[in-house]
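1. Quick check, what structure comes out for this input:
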Amino acid sequence: MEIPESGSMEGQLVLLYQEKEFLERELGTSDPQELVAMVKSLEEQLATLYAEKEQHEETELELRFEGKTLLVTGCDQVIVRRKKQ
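-> From the prediction side, this is the model:
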């Protein structure tokens, strides 16, 4: 198949359909409104992820046992194992 010049009307139309097919293949849609919604959703998810990360960094956990205190900052999970006697 011969590809027309990109400056011609036919060439521009061919390029437009190639771009449209690429978007359909890679993202499952070529609809501009859906693409904008996808990007906005990703932005929101990223903002939420950063907010959760920041919140966890500020979290402090204080453990007391046998008169001793252990202060842990910025952890989601702490595992404390007792030594077998």
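
2. What segments of the protein are helices?
-> Using DSSP state H, the helices assigned to the chain run over residues 9-27, 32-57.

3. mean confidence for the first one?
-> pLDDT averaged over helix 9-27 equals 93, rounded to a whole number.

4. what packs against that helix?
-> Using 3 or more CB pairs under 8 Å, 6 or more residues apart in numbering; DSSP states H and E, the elements in contact with helix 9-27 are helix 32-57. C-beta coordinates here come from the backbone N, C-alpha and C atoms, glycine included.

5. I'd like to know which elements the helix it packs on is packed against.
-> Packing contacts for helix 32-57, counted by 3+ CB pairs under 8 Å, 6+ apart, involve helix 9-27.

6. which residues of this protein score low on pLDDT?
-> Along the chain, segments meeting pLDDT under 70 span 1-6, 56-66, 69-78, 80, 85.

7. can you do 90?
-> 1-12, 50-85 (pLDDT under 90).
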